[in-house]
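# give me a model of this one.
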Amino acid sequence: MYGLFEDEDDIFMGSPKSKLMDIVFNANNDVVRHELEKFIDRAAAMEMMMREKCGEEFSDDGDEIEKEIRSYVITRRDEVDNFAKNLYIELMGSILSQSE
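Sure thing, here's the model as predicted:
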């Protein structure tokens, strides 16, 4: 798992998460909005796919799916953290490539 002060140990003085936040707050606003909209659309599609595959088990109020997601995050914390780092880097790349 991450250390509490991950940024202090990073050779580039920042985690992918902190670097993404720097980019989001300093990049072209239109580019950031576009990339965030794409990200949310993708998350919505994945949640809809999960609901379809799991059927009636997940109610429309979202409580069951939220519990399932939390459970997954807790049981696979390191894997989720590593995948999240990749997503931060991917989003940074998308924003930066459109901001040049």
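
# low-confidence ranges, the chain, go.
Along the chain, the parts satisfying pLDDT under 70 run over 1-12, 56-62.

# next secondary structure after the helix or strand containing residue 67?
Under the criterion of DSSP states H and E, residue 67 resides in helix 63-75. The helix or strand immediately downstream of helix 63-75 is helix 77-99, counting by DSSP H and E.

# can you spell out which helices and strands pack onto the helix ranked longest in the chain?
The helix that spans the most residues within the chain, counting by DSSP state H, is helix 29-54. Helix 29-54 is packed against helix 63-75, helix 77-99, with contacts defined by 3 or more Cβ pairs under 8 Å, 6 or more residues apart in numbering; DSSP states H and E. The C-beta positions use only the backbone N, C-alpha and C, and glycine is treated the same way.

# show me what counts as buried in it.
By neighbour count, with 16 or more other Cβ atoms under 10 Å as the criterion, the buried positions of helix 29-54 are 31-32, 35, 51.

# out of those residues, flag the one nearest to residue 91.
Nearest to residue 91 among these, counting by Cβ to Cβ, is residue 35 at 6.1 Å.

# correct me, but the closest one touches residue 91?
Yes - the criterion here is Cβ atoms under 8 Å, and residue 35 meets it with residue 91 at 6.1 Å.

# nearest to residue 44, of the helices and strands packed on helix 29-54?
Each of these was checked against residue 44 via Cβ to Cβ, and the shortest separation belongs to helix 63-75, namely 12.1 Å.
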